[in-house]
Each structure stands twice: as C-alpha cells, then as structure tokens.
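>>> okay, predicted coordinates and the sequence, questions at the end:
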Amino acid sequence: MIDSATLTKKFQKEMNAGIASLVLLSVLQKSAEPMYGYQIAKLFEEYSGDASFMKQGALYPVLHSLESSGLLESKVEPSVSGPPRRYYEITVEGSQMLVIWQGVWKQMKSFVDRAIKGG
Amino acid sequence: MIKSIEEYLDLLKTELNGSDAATIQDALADAEEHLRAALASLREKQPKMSEEEALNQVIEQYGSPDETASAYKEVERRTLPSLARESSNQQDSAFKRFLSVYEDPKAWGALLYMLISLVTGIVYFTWVVTGLSLSLSLAIFIFGLFFAVFFIVSLRGLALLEGRIVEGLLGVRMPRRSLFFQKGTTWFDRLKTNLTDKQVWLTLAYFFLQMPLGVIYFTLIVTLFSLSIALMAAPLVQSITDFPILSIGIMRYYLPSWATPLFLLVGFLIWTLTMHLGRLIGQLHGKYAKMFLVTD
C-alpha cells in the first residue's frame, strides 16, 4: 500500500531544500530594510496563499546556513515586546549569487515544464 | 496539545537531543523569537481566542517540535563549519601527512587564535574583573542592580563574540545567537535567574581563565617559532656577517659548514611540529570553549 501523504511530504521536503534558499534571497533582495524571521514567514504566507509549502520553522535553519556562507548578514536588535529579534540582510555576494541562482532556476523550470508536457 | 511556549521549547530540545549544542541553542532562540512574535500578533487580531488555542494555531504554522528539529538536523548535516574539511586521505604516506599540516587551514587558524588570545584574554579578564568588582561594590545602591544586570548581559554578548572567533579560527561550530531569559520581568527577577544560571558562571570562569591561557599560548608559539627561525637563520647570518653562534669570554665559536643543512632541517622540523602542536591545542581549546560557552 502506497502512503501518498507521506511520499508527497517527502517529495515536497526534498524540493524545498534548494528553493527555500532562492526564495529567501529574493525576498531579502527586494526588501528595502532588514527583515526578521517572523516578517519573512508572514510574507511567505502571503505569497503561497492557501497552499503551505513549508513550515515556518524550517526557514530559520536555512537563514543560518545562508548567513554562514556569507550570502546574508544579520544583527540582533531588542524588540518592544518579547525577546530580541535577529534581522537579516542580503550581502553583496548574496546579490551576485542570487542572479546566478535565478538563471539556474529559469533553466530548471523550463526543463521541468517541458519534461512534464512531454514535448 | 502544547500548553506553553516553554513546553514547546522543552520538547524541541528533547527532539534535538544528540545534535550539535550550537545548533540546539540557535533552534531554541529562533523558536522562542518566532512563537512569541506570532502569538502576540494573533492575539491582537483575535482577542477572543483562548491562549492555548492561539498557541496551537501558531505552532501548526511553525511546525511541530519534531518537524522543526528535523529541519535543523537536515541543514546541519549539509553544512559544515567554515574550516571543517574532509579528514586527510589515510592512504597518504606518513611523511606526506606530516607535511600536510601546512595546507590545513585549521592549523593556521589555531596559530592565529593562539597569537590573538593574548590580547582578547587581557580584554576579557579586565572586563570581568572590573564588572565583578563594580557589581559587588555597587550592590549597596539600587542602581547597582542595573549595573549587575548590564554586566551579565554584556557577558552573553562577549561569549557570542568569542564563539564567532572560535568558530572562525578553530573550525568548531558555535552558536550564532545567544539565549535570552524571559522568566523574570522585574530587574531583580532577571538578576536572580541570571545568578542561578550555571551558564553565566561558566562564561565568567572561561573569560577569567582566558588571560593565563592566552599568555601561555602566545609565549609557546612565539618561543617555538623564534627558536625555529633562529636555527634556520643562523648559518645564513654567519655567512654574511661575522657574528658567531656562541661566544664565551673571548672565545668565539662558529658553525662548521657541514652543520648548515642540519640546522636548516632541525629548524624546519621544529616549525612543522609547532604547526602540529598548534592544531592539537586548537582542537582541545575548541572543545573546551564549547563546554564552557554553549548551553547544554
């Protein structure tokens, strides 16, 4: 018996691995000001509409990993209510990388589209 | 049903058991920041919703503790701290492996760390001693309380900074975020939670010990490298100047020419051994820093 829900979840997770980095970089590139995790998650919610592609909690480890590769930088600032917040901002290297990744994404997208359509 | 953010954090911590301590600290800080912000904004929008219901809606979007934990584990598996590399090829000859230390960024990083630890050690030590004595002596005044809290907060900041240095130079994964404590809201409560926190005392001890350690590291590296350079340079210096290798009274001793390669070899050997020693000390110091600066 094939468990389609689990398999779909696994498929989704594997696809998200790279896409999350691309989307995070794009969002931070467009934003005029540094953003904190919850703000980004809210924006994602807006973009994805009713469909939920990934849990919000999964964004943070990707943010850390992008930061440690030097594509993002962050600073902590106290907030009026609750714990201090970490604000993320794209670096120059991040912007350059984003251009390359967008190119990769375009190629990938047209490849997948053509493969699905079969012609 | 999870009843509070603290309960969620506890569950997340259990789920992350076995992960790197630095990853756990980051995960907990991220979750706390997010859940509190999300909960506050949801409660504002829907004031009638019960606390528990709101929390569970927020968690539903954020991900259950095991989902969140698996996301962190996934990323941890894919990314290594900056200097971590695949361990050197075991098939290489012993001689090649002995020399490979020169291309190991960890060895160079460790040497740099040992050199600058003299400076950072003095800064930390001065800060800790000044902060502690001021906190104690100002304790008789009300504002002494504020000062003590400020001092402890500064320690957390410094610990994070030292963590970055350790990760950058020694290649040991350290947290990117510091944990914060929300349990007490008044200044006195905050001070109390901090004083009973084992982590604060360990951090204090680390900074205190960093000066003697820094002095030892610095002296060791400078002495060994000077010795090595002196040995390698002696034949050369002797050939261009009239400077003897040793002079006792009026007797002057010069190196015989056959000893030149020997001196070069021994000097080079000491340099290489120092690199190995530096790498070893770097590894040990990384473990020790992790034990003292990262919440377990």
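Cool, got the structure. Residues are numbered from 1 along each chain as shown, chains lettered A, B, ... in the order given.

>>> relative to A:Leu22, how far out is whichever residue of chain A sits closest to chain B?
Using CB to the nearest CB, the single residue of chain A nearest to chain B is A:Lys55, 3.1 Å away. For every residue, glycine as well, the C-beta is placed using N, CA and C. Noted for A:Lys55: a distance of 18 Å to A:Leu22, by CB to CB, to the nearest Å.

>>> pick out whichever of these two has more residues nearby.
Shown here are A:Lys55 and A:Leu22; by other CB atoms under 10 Å in any protein chain shown, A:Lys55 has more neighbours (20 against 16).

>>> pretty sure the more buried one sits against B:Gln61.
Yes. Assessed by CB atoms under 8 Å, A:Lys55 is found in contact with B:Gln61 at 7.1 Å.

>>> what residues are up against B:Lys96?
Contacts for B:Lys96 (CB atoms under 8 Å, 6 or more residues apart in numbering or on different chains) come out as none.

>>> against B:Ser228, how distant is it?
Taken as CB to CB, the span from B:Lys96 to B:Ser228 is 21 Å.

>>> how about B:Glu51?
66 Å.

>>> so these two - more neighbours on which side?
B:Ser228 (19 against 11).

>>> near chain B, which residues of chain A?
Residues of chain A found near chain B, taking CB under 8 Å from any CB of the partner chain as the criterion, are A:17, A:36-38, A:41, A:45, A:52, A:55-58, A:60-62, A:64-65, A:67-69, A:74, A:76, A:79, A:81-86.

>>> so which of these belong to helices?
A:Ala17, A:Gly37, A:Tyr38, A:Ala41, A:Glu45, A:Tyr60, A:Pro61, A:Val62, A:His64, A:Ser65, A:Glu67, A:Ser68 (DSSP state H).

>>> what sits against the closest residue in space to B:Gly163 that isn't next to it in sequence?
Leaving aside its sequence neighbours, B:Gly163 sits nearest to B:Met174 (CB to CB, 6 or more residues apart in numbering or on different chains; 3.5 Å). By CB under 8 Å, 6+ apart, the contact set of B:Met174 is B:Ala22, B:Gly163, B:Arg164, B:Val166, B:Glu167, B:Ala289, B:Lys290, B:Leu293, B:Val294.

>>> what kind of secondary structure is B:Met174 in?
Using DSSP: H, G, I helix; E, B strand; the rest coil, the structure places B:Met174 in coil.

>>> kindly list the main-chain dihedrals of it?
phi -130, psi 160 (degrees, to the nearest 10).

>>> give the helix, strand or coil label for the residue nearest the centre of chain A.
Geometric centre of chain A, nearest residue: A:Ala20, 2.8 Å, by CA atoms, centre = their mean. With three-state DSSP as the basis, A:Ala20 sits in helix.

>>> so who does the nearest residue to it once chain neighbours are set aside touch?
Using CB to CB, 6+ apart and skipping residues adjacent in sequence, the residue nearest A:Ala20 is A:Val62, 4.7 Å away. Contact analysis of A:Val62 by CB under 8 Å, 6+ apart lists A:Ala20, A:Ser21, A:Leu24, B:Val75.

>>> of those - the most surrounded one?
A:Leu24 (24 neighbours).

>>> what about chain A, any weak spots by pLDDT?
A:50, A:81, A:119 (pLDDT under 70).

>>> one more time with 90
A:1-20, A:31-33, A:38-39, A:41-59, A:64-65, A:67-70, A:74-86, A:118-119 (pLDDT under 90).

>>> cool, and the stretch 101-250 of chain B?
B:101-106, B:136, B:139-157, B:160, B:164, B:167-202, B:230-250.

>>> in it, which spans are helices?
Secondary structure of the stretch 101-250 of chain B (DSSP state H, counting those that start in this stretch): helices at B:105-137, B:142-170, B:187-195, B:198-240.

>>> B:Leu220 against B:Leu115, yeah?
No. Counting by CB under 8 Å, B:Leu220 does not reach B:Leu115; the two are 10.5 Å apart.

>>> quick one on the thing from earlier: want to throw the contacts of B:Met174 into a markdown table with neighbour count and distance to B:Ala37?
What follows is the contacts of B:Met174, written out as a markdown table (neighbours: other CB atoms under 10 Å in any protein chain shown; distance: CB to CB, whole Å):
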| residue | neighbour count | distance to B:Ala37 |
| --- | --- | --- |
| B:Ala22 | 23 | 23 |
| B:Gly163 | 23 | 25 |
| B:Arg164 | 12 | 25 |
| B:Val166 | 23 | 30 |
| B:Glu167 | 24 | 27 |
| B:Ala289 | 22 | 31 |
| B:Lys290 | 21 | 29 |
| B:Leu293 | 25 | 27 |
| B:Val294 | 23 | 25 |
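
>>> out of the residues you listed, who's nearest chain A?
B:Glu167 (8.7 Å).

>>> roughly how far does that closest one sit from A:Thr6?
36 Å.

>>> and for A:Ser48?
21 Å.

>>> neighbour count winner among these two?
A:Ser48 (12 against 9).

>>> weed out the non-buried ones from the residues of chain A next to chain B.
A:36-38, A:41, A:55-58, A:60-62, A:64-65, A:67-68, A:74, A:76, A:82-83, A:85-86 (16 or more other CB atoms under 10 Å in any protein chain shown).

>>> whatever residue of the stretch 1-150 of chain B ends up closest to chain A: what's it in contact with?
Closest contact between the stretch 1-150 of chain B and chain A, by CB to the nearest CB, is at B:Gly63 (3.1 Å). Going by CB under 8 Å, 6+ apart, B:Gly63 touches A:Lys55, A:Gln56, A:Gly57, A:Ala58, B:Ala71.

>>> verify the assumption that the last one is located in a helix.
So the one you mean is B:Ala71. Yes. Counting by three-state DSSP, B:Ala71 is found in a helix.

>>> contacting residues for it?
A:Lys55, A:Gly57, A:Ala58, A:Tyr60, A:Pro61, B:Gly63.

>>> tell me the secondary structure of the closest residue to the fourth one other than its chain neighbours, please.
When the adjacent residues along the chain are set aside, A:Tyr60 lies closest to B:Asp30, with 3.9 Å between them (CB to CB, 6+ apart). With three-state DSSP as the basis, B:Asp30 sits in helix.

>>> ok, B:Asp30 to A:Leu59 distance?
From B:Asp30 to A:Leu59 the distance is 9 Å (CB to CB).

>>> common neighbours of those two, please.
Joint contacts of B:Asp30 and A:Leu59 (CB under 8 Å, 6+ apart) are A:Gly37.

>>> kindly report the residues of chain B close to chain A.
So far as CB under 8 Å from any CB goes, chain B lies against chain A at B:26-27, B:29-34, B:36-38, B:40-41, B:61-63, B:67-68, B:71-72, B:74-76, B:78-79, B:81-82, B:176-178, B:180, B:182.
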